[in-house]
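Asks: coordinates only, sequence not included:
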């Protein structure tokens, strides 16, 4: 059987009881090489591959899962930019006929929101700016629709040294929307890990200092753009649910 | 100090290590009365209030937190339709000056996605259909923008016996979008709890049997609408990330 296990973002303290139990009971753990350190404590055989080797990793895990219990580990949540869909797809395409169960985990959006205050406390969008698997025009169309809907927007994989175009084009779109208003922006780098770094600012400040943000933001960064109600309260980024307005407090 | 603690959706197995640790160490737990059963095992004094008493609950928790460690418990994630923002807001408005820390939890979207297969495995929207605190026109505008962006859409609080209008109006909007295509729909009722019930279908079937779905869907239901790539594979609802297309598998 194959368990696709989300181990949460950040560190050991975000593992759920269910993830602990599954990892304690499987015969083999398969994961991205940089996550090995998070699962060594279970004392199981570990098979790792590097970045962009997702298909090899999933295929190996499925083949082994025919006669073993295997955990395919995703950071965060296994179904949110994780490997769960790929496991179901390869299992079907190659006819492996393996039973698959997904174990949910704390996704980076939840952790970043908790660290920044409570920016996700109303309707929100989660969008990845990586154009490796998604056409740039799809990313930008979605970003624009999210702004039109006044959603809080949580951006995964905002930019890397080699992939700046989606971020830069999105900031131009946001600049159009910011003509007569501003947006609170929260940035969390290395959430829950060493060198965690947080910035809470607004779009106009970010846009005026774009070069330094291009240096600061990387693939281990989550960026959250507030909706029209999001505000800064005691240095925290807060999106009200609406209780105070409704009950006149 | 006030800890706003997400205890995950479903059951004890989704508690994180951090949530366990905090609840083992606080002096008082404050929660909605129906969640008392999830935290009795920590053997702490528990203060509960009922539905719509969120402000009383948060205010009480903050006042007690001036000289105690208090856990204000949210199901799911504390910042996703939970009480974290309200705690920050009341703390500021009333000048309580209490330190607040949010402990993230598994939100219902993650759990429902894991149960259905992997529908959230690409850009998605989380939206609540409750119009208690949000105007109906805002809900419907957001829903339409989400469809225009071809996001996967995860709906919290889809309908209750007394509040059917947002759901019915949204289904009319979806019907307009479904003229020349269909949408995979996943429904999870009582996710991870007793009487868990799952339906994976498509929009046209749901729309043709709307009356029976109005009976089935309730406030403990999560409804996920797929994007244009979402499909059903071996009875699971899967949104591809795009690996198979890119690598021609």
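Replies: Good, I have the coordinates. It should be emphasised that the depicted structure is a prediction, and the values quoted were computed from it without experimental measurement.
Asks: secondary structure element for residue A:169?
Replies: Assessed by DSSP states H and E, residue A:169 sits inside helix A:165-177.
Asks: please apply the same query to residue A:22.
Replies: Assessed by DSSP H and E, residue A:22 sits inside helix A:17-25.
Asks: ditto for residue A:207
Replies: According to DSSP H and E, residue A:207 maps onto helix A:203-208.
Asks: identify the spatial nearest neighbour of the most centrally placed residue in chain A, chain neighbours not counted.
Replies: Taking Cα atoms, centre = their mean, the centroid of chain A lies closest to residue A:108, which sits 4.3 Å from it. Leaving out its chain neighbours, the residue that sits closest to residue A:108 by Cβ to Cβ, 6 or more residues apart in numbering or on different chains is residue A:9, at 4.4 Å. Heads up, the C-betas are built off the backbone N, CA and C, glycines and all.
Asks: still on that earlier bit, pull out the buried positions in the helix holding residue A:207.
Replies: Buried residues in helix A:203-208, counted by 16 or more other Cβ atoms under 10 Å in any protein chain shown: A:203, A:206, A:207.
Asks: next, the contact list for the last one, please.
Replies: It refers to residue A:207. Residue A:207 makes contact with A:171, A:174, A:175, A:178, according to Cβ atoms under 8 Å, 6 or more residues apart in numbering or on different chains.
Asks: quick one: it and chain B, what's the gap?
Replies: 23 Å (Cβ to the nearest Cβ, to the nearest Å).
Asks: same question, the first one
Replies: In this structure, residue A:203 and chain B are separated by 19 Å, where distance is defined by Cβ to the nearest Cβ.
Asks: what's the neighbour count on the spatially closest residue to that residue that is not a sequence neighbour?
Replies: Residue nearest to residue A:203 in three dimensions, not counting chain neighbours: residue A:183, with 4.3 Å by Cβ to Cβ, 6+ apart. For residue A:183, the neighbour count with other Cβ atoms under 10 Å in any protein chain shown is 21.
Asks: contacting residues for residue A:183?
Replies: Applying Cβ under 8 Å, 6+ apart, we find residue A:183 in contact with A:174, A:177, A:202, A:203, A:225, A:226, A:230.
Asks: gap between the fifth one and residue A:203?
Replies: Applying Cβ to Cβ, to the nearest Å, one obtains 7 Å for the distance of residue A:225 from residue A:203.
Asks: which residues do the two both contact?
Replies: A:174, A:183, A:185.
Asks: nearest to chain B, of the residues you listed?
Replies: residue A:174 (15.1 Å; Cβ to the nearest Cβ).
Asks: any idea how far the closest residue to the closest one other than its chain neighbours lies from residue B:151?
Replies: Leaving aside its chain neighbours, residue A:174 sits nearest to residue A:203 (6.0 Å; criterion: Cβ to Cβ, 6+ apart). Distance from residue A:203 to residue B:151, counting by Cβ to Cβ: 22 Å.
Asks: pLDDT score assigned to the residue nearest to residue A:108?
Replies: pLDDT, residue A:9: 88.
Asks: neighbours around the closest residue to residue A:221 other than its chain neighbours, how many?
Replies: Nearest residue to residue A:221, sequence neighbours excluded (Cβ to Cβ, 6+ apart): residue A:189, at 4.5 Å. When counting by other Cβ under 10 Å, one arrives at 19 neighbours for residue A:189.
Asks: residue A:189 and residue A:219 touch, don't they?
Replies: No: look at residue A:189 against residue A:219 with Cβ atoms under 8 Å: they stay out of range, at 9.9 Å.
Asks: what number of residues lie near the closest residue to residue A:243 other than its chain neighbours?
Replies: Spatial nearest neighbour of residue A:243, excluding adjacent residues (Cβ to Cβ, 6+ apart): residue B:86 at 5.3 Å. Burial of residue B:86 is recorded as 26 neighbouring residues (other Cβ under 10 Å).
Asks: give me the buried positions along the helix or strand where residue B:86 lies.
Replies: Applying DSSP H and E as the criterion places residue B:86 in helix B:84-93. Within helix B:84-93, the residues that count as buried by 16+ other Cβ under 10 Å are B:84, B:85, B:86, B:87, B:88, B:89, B:90, B:91.
Asks: and for stretch A:106-124?
Replies: When burial is assessed from 16+ other Cβ under 10 Å, stretch A:106-124 yields the following buried residues: A:106-124.
Asks: please apply the same query to stretch A:94-107.
Replies: For stretch A:94-107, a neighbour-count test (16+ other Cβ under 10 Å) marks A:96, A:98, A:100, A:102, A:103, A:104, A:105, A:106, A:107 as buried.
Asks: so the fourth one bridges to which residues?
Replies: Residue A:102 has these beta-bridge partners by DSSP bridges: residue A:4.
Asks: give me every residue that touches it.
Replies: A:3, A:4, A:6, A:78, A:79, A:84, B:113, B:114, B:115, B:117, B:118.
Asks: what is the most widely separated pair among those residues?
Replies: Greatest spatial distance among the contacts of residue A:102 (Cβ to Cβ): A:3 and B:113, at 15.2 Å.
Asks: re the thing from before, how close does the residue nearest to the centre of chain A sit to residue A:195?
Replies: Separation of residue A:108 from residue A:195 (Cβ to Cβ): 16 Å.
Asks: quick one, domains of chain A?
Replies: The record's domain parsing of chain A by automatic domain parsing lists A:2-106, A:109-238.
Asks: tabulate those domains (TSV), appending distance to residue B:35.
Replies: Shown next, in TSV, are those (distance: least, Cβ to Cβ, whole Å):
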stretch	distance to residue B:35
domain A:2-106	17
domain A:109-238	18
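Asks: what's the local residue count around residue A:36?
Replies: Number of residues near residue A:36 (other Cβ under 10 Å) recorded here: 14.
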